[in-house]
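>>> could you work out the structure for the sequence below:
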Amino acid sequence: MIRLNLDTNLEKYILSQRGNDKMKLSINNKTRTSVSIDYRAISATLSFSPKFIPGNNEDDLKGKSSYTDLSFRFFPKRFIQTFYYKKVKGFYVENMKDFVPDWQEADAYLQFPDLKVVSFGGTTSYVFNKNFSAKSVYTHSEWQKKSSGSWIPYLDYDVSFFTNTINEVKNKEVQYKIGANMGYFYNWIIRDKVNVAPYLSVGLGGQFSGSQENNEQKENEQFVTLRMEGGLHVGYNSDRFLFGGRMNFRAYTYQKNGEAVENNNLYGLLYIGYRFAPPKVVKNTYDKVQKKIPVL
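Residues are numbered from 1 along each chain as shown. Model prediction:
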């Protein structure tokens with residue numbers, strides 16, 4: 001199965017200090033496209049932000065931004081395993097009026113063109129209810145006939161590298177994060193081919209970071225982190241064609257020197273897909289791998 005996705009990637013970092021205005025750092029790319037390929041228990045997605053889409057090319061005012069995201073998802077039995085790589089570069093201050101009262105929409109934003117975030121991470125989940133099909137929600141590669149829901153606990157973990165250069169001073173921070181989460185997912189089957197699937201999860205974890213300035217160690221820090229995630233999916237699923245939409249949000253926050261640091265992600269997604277018989281080389285290769293790794 002091949003799916004084409006179009007979504008609004010509204011990723012931003014919010015820095016706030018008690019008694020002071022919040023600084024909202026956002027990327028210039030507001031819309032991204034992605035291509036997903038799914039076969040049996042494996043799903044792969046490549047995402048990027050093309051410049052020809054309106055809203056992705058306001059470089060004169062907001063500076064240049066780039067976004068790349070590559071993810072793999074596996075479904076061994078009732079487990080869900082995801083790995084991902086993400087690279088984001090080029091941020092601007094979204095709320096300029098909070099710092100420059102006479103600032104106008106036609107004026108240039110304060111920019112951080114060298115601010116780059118590179119992340120490697122993953123999640124490991126387990127589906128408690130054997131009658132709930134996670135594949136029918138995530139990749140639509142299974143068919144859920146009756147409405148059902150399930151509690152799904154999961155671990156999330158990643159390492160992120162933040163780099164920036166201001167006035168020839170190079171700054172680098174490495175963050176390690178791990179968290180335990182509990183979520184509830186429900187798949188409501190309205191008709192044989194139409195489903196609505198809401199979910200909500202909350203989590204608690206830890207973050208460990210170390211920073212450098214011009215290759216000199218500055219400090220190591222540890223934080224307790226809070227996370228919330230949720231969304232709603234509506235889709236149509238047939239033997240050959242499938243299409244639908246999603247609205248998701250993610251909120252991640254921790255306290256640092258009296259400041260609340262947040263990473264918020266809100267996006268809507270539209271997708272359309274088509275199923276076709278796999279090439280023999282793909283089927284034969286998968287069958288050979290499955291004999292050695294039965295969970296696939």
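>>> endpoint to endpoint, stretch 89-97 covers what distance?
End-to-end span of stretch 89-97 (Cα to Cα, to the nearest Å): 23 Å.
>>> give the rounded mean pLDDT of it.
Averaging pLDDT along stretch 89-97 gives 90.
>>> list the buried residues in it.
Neighbour counts using 16 or more other Cβ atoms under 10 Å place 89-94, 96 of stretch 89-97 among the buried residues. Where you see a C-beta, it was placed from the backbone N, CA and C, and this is true even at glycine.
>>> now swap in stretch 283-296 and tell me
Quick answer for stretch 283-296 (16+ other Cβ under 10 Å): Tyr286.
>>> so what touches it?
The contact list for stretch 283-296 (Cβ atoms under 8 Å, 6 or more residues apart in numbering) reads 39-42, 74, 76-77, 79, 278.
>>> repeat the analysis, applying 10 Å as the threshold.
39-42, 74-77, 79, 81, 277-279 (Cβ atoms under 10 Å, 6 or more residues apart in numbering).
>>> ok so, going back, nearest to Phe249, of the buried residues of stretch 89-97?
Glu94 (17.1 Å; Cβ to Cβ).
>>> filter the contacts of stretch 283-296 down to the ones in helices?
In helices, judged by DSSP state H, none of these are found.
>>> list buried residues within those.
40-42, 74-75, 81.
>>> how much space separates Ile272 from Arg73?
19 Å (Cβ to Cβ, to the nearest Å).
>>> and these two? Which one has more around it.
Ranked by neighbour count (other Cβ atoms under 10 Å), Ile272 and Arg73 place Arg73 first, with 23 against 14.
>>> bridged to the more buried one, which residues?
Here Arg73 sits in beta bridges with Ser43, Thr82, going by DSSP bridges.
>>> hang on, it packs against Thr124?
No - contact criterion Cβ atoms under 10 Å: Arg73 and Thr124 do not qualify, at 11.3 Å.
>>> give me the common contacts of these two.
80-83.
>>> quick one: the residues you listed as CSV, columns for distance to Glu142 too.
Listed next are the shared contacts of Arg73 and Thr124 as CSV, based on distance: Cβ to Cβ, whole Å:
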residue, distance to Glu142
Ile80, 13
Gln81, 17
Thr82, 17
Phe83, 21
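>>> mind giving me the ChimeraX command for buried ones among the residues you listed?
Buried members of the shared contacts of Arg73 and Thr124, defined by 16+ other Cβ under 10 Å, are picked up in ChimeraX with:
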select :80,81,82
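>>> so which of the shared contacts of Arg73 and Thr124 comes closest to Tyr186?
Ile80 (16.0 Å).
>>> sorry, back to before: state the pair within the buried ones among the contacts of stretch 283-296 that is farthest apart.
Top of the distance list for those (Cβ to Cβ): Arg40 and Gln81, 14.2 Å.
>>> where does the chain have its least confident helix or strand?
strand 10-17 (a mean of 70; mean pLDDT, DSSP states H and E).
>>> kindly format the C-alpha coordinates of the strand or helix carrying Asp114 as PDB.
In the assignment (DSSP states H and E), Asp114 maps to strand 111-126. This file holds the C-alpha atoms of strand 111-126, laid out as PDB (Å, rounded to 0.1, in the frame of the first residue of the first chain):
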ATOM      1  CA  GLN A 111      15.500  35.000  12.900                       C
ATOM      2  CA  PHE A 112      17.800  32.200  14.100                       C
ATOM      3  CA  PRO A 113      18.900  30.700  10.800                       C
ATOM      4  CA  ASP A 114      21.600  28.600  12.300                       C
ATOM      5  CA  LEU A 115      19.500  27.000  15.100                       C
ATOM      6  CA  LYS A 116      19.200  23.300  14.200                       C
ATOM      7  CA  VAL A 117      17.600  20.400  16.000                       C
ATOM      8  CA  VAL A 118      18.500  16.800  15.000                       C
ATOM      9  CA  SER A 119      16.600  14.000  16.800                       C
ATOM     10  CA  PHE A 120      16.900  10.200  16.900                       C
ATOM     11  CA  GLY A 121      14.300   8.300  18.800                       C
ATOM     12  CA  GLY A 122      11.500   5.800  19.100                       C
ATOM     13  CA  THR A 123       8.500   4.400  21.000                       C
ATOM     14  CA  THR A 124       7.700   0.900  22.200                       C
ATOM     15  CA  SER A 125       4.000   0.200  22.800                       C
ATOM     16  CA  TYR A 126       1.800  -2.800  23.800                       C
END
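>>> many thanks, have a good one.
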